[in-house]
Structures are given as C-alpha cells and as structure tokens.
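Enquirer: got a sequence here, can you model it:
(one chain, ligands or ions: 1)
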Amino acid sequence: MSITNITSNRFLEAIANGPILFDGAIGTLLYERGVFLNQCFEHTNLSQPNLVKQIHRDYLNAGAQVLTSNSFGANRMKLKKHQLQNQVEEINRSAVALAKEIAGDQAFVAGSVGPTGIDLDDLAQEKGIEAYNALKEQISILVDAGVDLICLETFMVLQELEMAVSIAKTFHVPVVALYTFQENGLGKEGQTPLLIAQRLAQAGADVIGSNCGGGPDMIFDVTSPMVQVGKPVLAQANGGRPELVEGRSIYTANPEFFSVFARRLLKAGVRLIGGCCGTTPDHIRKMAAAVKMLSKPQIEEINEGEASTQQPKIALENRSHFGELISKSKFVCSVELNPPMASFDLSKVISATQKLAQAGVTTINIADGPRASLRMSNLAMAQVIAQQTTISPILHVCCRDRSFLGLQSHILGAHVMGIRNLVIITGDPPKIGPYPHSSGVYDMDSIELLRVIKGYNAGIDPSGKEMEPTAFVCATGAEPAAIDYEREIKRLSLKQKAGADLVMTQPVYDADQLERFLQDTQNLGLPVMLGLCPLASYRNAVFLDQNVPGMQIPSHIIERMRLADLNGEGAKEGVKIAREMLDLVQHKIQGAYIMPPFGKYELALDVLNGYIEPVDTSKHNHHHHCTCCVDDSVRNLSHCSKN
Ligand SMILES: [Zn+2]
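Expert: Numbering: from 1, shown residues only. Next comes the predicted model:
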C-alpha cells in the first residue's frame, strides 16, 4: 500500500470520528492582504510564498483541521489566461509544499481544484477533451506532491464536476466534490440540492457538498437536504454577500454569526464545515468551538477496564434522599429552576421551590450557565435552596468553564456543602451565548468527568491515590432525538460504564423516537428520567427547534402549536403535548424532569398533575435551624427522615 493510501484512510477515519473543520478563503484574503485582483492568485505561491504560508498558519491557529492548497485556478486552461501555462507543475507543487509545511502533522492538506471555465455546451466538443486533460494533469501533480485529499470546488457545471470526480477517483485519494448553487438555491439547470447530491454520490465522491455562491443561510438551505443521501457533507459559505464599497467587494457577514451557523449545520447532520469567499481566520475561529463541543468521541475507550473495577464505598440508597428513591424505583420528579439573570434576588426561586416541594416534586435541577449565559454560580444558589427549603437540589456541572483541576475542586467543594446530586454534562460552547469571547475549556468531557467522580465514590483520585470517598449520585444527559442516534446510544453506554447512576433526557416531542430510545437503552439498566419542556408558544417551538443543540421538534408538533396559538391557547397545548409523552411511557421510566420555559414553574405542575401528591412540608421546618440537615446523606442517616 502506498503512503497516499495510508493518509487517505486517515482522513476518512477522521470524518467518521466527528466533525471536521476546513479553513476559509485564500483568494479574498490574498486580495485583502494586497495582491491585486488582476494578478494570478496561484502565482503568489512562487512570488510571495511567505504571504501564502502566513494565511495557512493563521487558519491553522484558528483551529482549522484541513488546510486547502492555493491551487484553485492552477489548471492549464486557467493559467493560460495569465500566460503561465508553462508553470502548471511548479505552481501546483509549491501550493502543496507551502500548505504541508504549515500543516505538519497537525492538519490535513486538501488539494484545491477549481473548474476550467468550460460551459456545458463545450463539454461534449473538443474543448471538453482539453478540460479533461487539464483537470487530470493538475490532479495528478497535486496527488504526487502528497495531498491527503482532493477538494473539487466552486463547480457550477454539474457534468464537469462529475468528470473531475471520476478523474480524481483513479488516483485513489479521498475526493470531496463541492457544487456551487445559484442564488435561488438551485443548480444551473434548475437541479435541486438533493438531485445534485445523488449525482455526486453516484459519481463516486467520498464527501459531497457546496461552497460559495451565497452566505450562511443559503449554504444551510442547500447542504442540509444533501445529508439524506448518506455521504458526509461539507458546507462552506461565503462571508455574507459581497457589497461594492468604493469599487471593492466587501463581504459583510459578521464572524460571530458563523458560530451560530456552524451549530445549525452540525445539528442538521452536516459533518464538515469551513468558509469560502470573504471568510477569514476570525470566521473559522468562531466555528471551531462548535466543532470542539461535538467532537472527541475517541477518548472513550481509555481506562474503561480500570474504571469498572472501582466500587463505590457508599451504596446509592445511602448517598442522598434522591439516590434512595432511585434505588427503590420510586417515581421521581424534578423541575429545573435557574439562577436569575441580572439580579441577586433569590426570593422568587425560593418561593417557587417551596411551592414545588409542597406540590410533591422531589427535587429541582439547577443548570450551570445554561446557553452560555452570565449568571451567579449554581452552587451558590443550590446552597441557599438547601438551607432555606426542604429540597436538596441537583447541581449541574458542565465541563465548559473549568479546567481539569478547577472542575474537581468545584465538585469537592460542593460535597463539603452537602450537595450530593449532580448532573454531569459537557455544556454549550460560549460562542452560542452572549459572551462569545469567553473561552470554552473542555479539558474533560462528560464521560471523562463521570469517570473521575466514579473514582471519588470509590475513594480513589484521578492519579490513583487513595482519598476520603465521596457520596455523589451522578446523572448524565442523553438526546433521544439526536441526529447521530447511534453515536448517542454508544455514548450513553460509555457514560453508564463511566459511573452514571441515571439518565435525564433532553426534551422529547416524538413518541416513536421516545419509544425507540427506551427500547434501545433498556439493556443498560440505567433509570431514565424523561425530559419534558412544555412549549410556551409557536414562536418558542420554532426557536428551540432551530437554536438549541439537542432539541428537535417534529413539524406536526410545531403545526399543533401554531394552530393553538391562533386561539391564544399555545401554552395549554404545550402542556398537553408534554403530558402525552409522559402518559405514553410512564411505566417504563423512573421519573420526569421538567424544564419549564421562561421559569414558569406552574407549567411544570400542570404537566405533573396526577403524577405527584401534595406533601405537608411543615414537619420539615426545623431544617432551617438544623445545619446537619443541609447534608443530604446525614439527613437520611439520622433524625430527620423525609418521606
Ligand atoms: Zn467562494
């Protein structure tokens, strides 16, 4: 097997393992950095190699995992227009060498190949043979120079792209085929994105997709339907629409928007993303966090055997009241209440918690900077709740904001404060919230952190040293409606092995998806708390579907909300939809986890009506004066029995 074949497999393997980030534009960046439009951009490989290398370096530093060679227009027919047809080999070889020098073993190098400029009518004529030869010549040089893959891009004549794919296939490298759509989202002959996708897959492309032609919205619209063909899809949008400012084309899309765009694409099942004309290292940096959050599936196998030998020192039923209920298979209900924004006033959440407790809700979940928003620490709120109400909350711990050490001191600190119930989650990247410049740490993901806490419960710290054992009950998350469903199920089984005691799901709105999930996870033996988020309105439904990672709302549900909203009964319908899910699977689950929209906890009570019974909480009033009862495990073991 040749070297080329080994590297090719590496690229295809990388795609299978998680999202891949390409770089952004080279041409428009060269222009921005002083190369004139009438100059041949590819000739700068020879005339200004340092400028080209700096662009590659900037993209690598921004997080790009694939660097594209500066060879887009370096086929014989295009170079002829600049009287450079004698330098085809030199220009293409230097393009690859410059990219490879910067990529090292940190990134893949894609050999960029653009169209020859031939139109459909000429393709069948003698000029078609010239185009065939020009593409074959360029591709063979790029492959020989050592690219990891060939990226055919910005083709608008489908037949030319199909021809290029068949040529590239003969060189046994992975082939990416990108079609450029018209502004109306259709091909030059009116083809739909799905049809184009089918044709490219049939031609033998390993990756299909679209670049250029439009901004993020347009690229989203054309690439998301391509996913259903079953090939990995690459989407590369322009940095918005070019606007002529004093005779120059300026691309106006805000780099910030590219993080939202990246998330939407990945959510829709697109696995490879990058930028086209007008994008800069800044745009790529914004996309990197979304990619980072959704990658890292490869860490999972580490230490699995070792971790499984660690036994908790304290049985689940003795770790907390919540743990006791779970271990006895009692139906449990939790409602999510979050720290207020822009205020220190906890009186509302305290009175809400008291009302929920009186109504019979088992506990409350407190999220950790949900949607990357700025709020007081949830640990502080959990402590106040534990002191001032009868409820021992569940503390969410997300891996976004704290380093490997920071997470651990945070969790051990929570233990000292009496917090025993945790939900371990990886967390939304900061780029999707209002503070995109905050860094997403992600030293660990949820599986790794679960494993660390499993060790704590067994009295062993991550370095293998003995320590005083903890008594945590650990929940984990799962997404029954995940696009990459198989991966989600695989991850859940790894989470279970890593020490999760139960799973709290993302909201589900589709009965089939829910049943399938419960069926497929039954063998894990993990108690399931069904996540429910009663929709507040039609607008709320659309927003959640489009913007919140892990939430897919079927169109028939959105339609039900739209109709109900017309009669001013949106919220009522939202509760009804949530209850239908709960009623359907009540005997197969361990409990319900309600995330009321906009903190409207009354909606949670409507959903749970009939599943919970009011409790007399007056007998617990002494908790306010009894500091030992802050510690849930003490509460269970001594004088303060809680029903
Ligand atoms: Zn472009």
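Enquirer: quick check: the residue in the chain sticking out farthest from the centre vs I118, distance?
Expert: What lies farthest from the middle of the chain is E126; by C-alpha atoms, centre = their mean that is 47.9 Å. Applying C-beta to C-beta, to the nearest Å, the value for E126 to I118 is 11 Å. The C-beta positions use only the backbone N, C-alpha and C, and glycine is treated the same way.
Enquirer: go on, A541?
Expert: The value you get for A541 to I118, if C-beta to C-beta is used, is 48 Å.
Enquirer: with only the CA atoms kept, save stretch 55-70 in CSV.
Expert: Output of stretch 55-70 as CSV, limited to C-alpha atoms (Å, rounded to 0.1, in the frame of the first residue of the first chain):
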residue,chain,number,x,y,z
ILE,A,55,-2.5,32.6,5.6
HIS,A,56,-2.2,28.9,6.2
ARG,A,57,-0.7,29.5,9.6
ASP,A,58,-3.5,31.9,10.6
TYR,A,59,-6.1,29.3,9.7
LEU,A,60,-4.3,26.5,11.5
ASN,A,61,-4.1,28.7,14.6
ALA,A,62,-7.8,29.5,14.3
GLY,A,63,-8.5,25.7,14.6
ALA,A,64,-8.7,24.5,11.0
GLN,A,65,-8.1,20.8,10.7
VAL,A,66,-7.8,20.9,6.9
LEU,A,67,-5.7,23.4,5.0
THR,A,68,-6.5,24.0,1.4
SER,A,69,-3.7,24.4,-1.1
ASN,A,70,-3.6,27.7,-3.0
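Enquirer: how about the residues of this protein by the ion?
Expert: Residues of the chain found near the ion (C-beta under 5 Å from the ion) are 212, 276-277.
Enquirer: so how do I select the buried members of those residues in ChimeraX?
Expert: Of those, the buried ones can be selected in ChimeraX as follows, counting by 16 or more other C-beta atoms under 10 Å:
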select :212,276,277
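Enquirer: JSON lines for the residues of the chain next to the ion, including distance to V143, pLDDT and secondary structure?
Expert: JSON lines is the format used below for the residues of the chain next to the ion (distance: C-beta to C-beta, whole Å; pLDDT from 0 to 100; DSSP: H, G, I helix; E, B strand; the rest coil):
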{"residue": "C212", "distance to V143": "24", "pLDDT": "93", "secondary structure": "coil"}
{"residue": "C276", "distance to V143": "23", "pLDDT": "93", "secondary structure": "coil"}
{"residue": "C277", "distance to V143": "26", "pLDDT": "89", "secondary structure": "coil"}
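Enquirer: now P370: closest residue in space that isn't a chain neighbour?
Expert: N338 (6.0 Å; C-beta to C-beta, 6 or more residues apart in numbering).
Enquirer: can you check L518 too?
Expert: K588 (5.1 Å).
Enquirer: next one: phi and psi at the one you found?
Expert: phi -100, psi 0 (degrees, to the nearest 10).
Enquirer: repeat for V473
Expert: According to degrees, to the nearest 10, V473 has phi -100, psi 120.
Enquirer: count of neighbours near it?
Expert: Neighbour count for V473, taken as other C-beta atoms under 10 Å: 26.
Enquirer: report the contact partners of it.
Expert: 316, 319-320, 322-323, 326, 420-422, 501-502 (C-beta atoms under 8 Å, 6 or more residues apart in numbering).
Enquirer: do G599 as well
Expert: Shown in contact with G599 (C-beta under 8 Å, 6+ apart): 337-338, 348, 352.
Enquirer: does M581 sit in a helix, a strand or a coil?
Expert: helix (DSSP: H, G, I helix; E, B strand; the rest coil).
Enquirer: residue contacts, it?
Expert: 508-509, 511, 514, 530, 532.
Enquirer: these: which two are farthest apart?
Expert: For those, the farthest-apart pair by C-beta to C-beta is A511 and L532; their separation is 12.8 Å.
Enquirer: who has more neighbours, these two?
Expert: L532 (26 against 13).
Enquirer: helix or strand: which one has the closest residue to that one other than its chain neighbours?
Expert: Residue nearest to L532 in three dimensions, not counting chain neighbours: A578, with 4.3 Å by C-beta to C-beta, 6+ apart. Under DSSP states H and E, the secondary-structure element containing A578 is helix 570-585.
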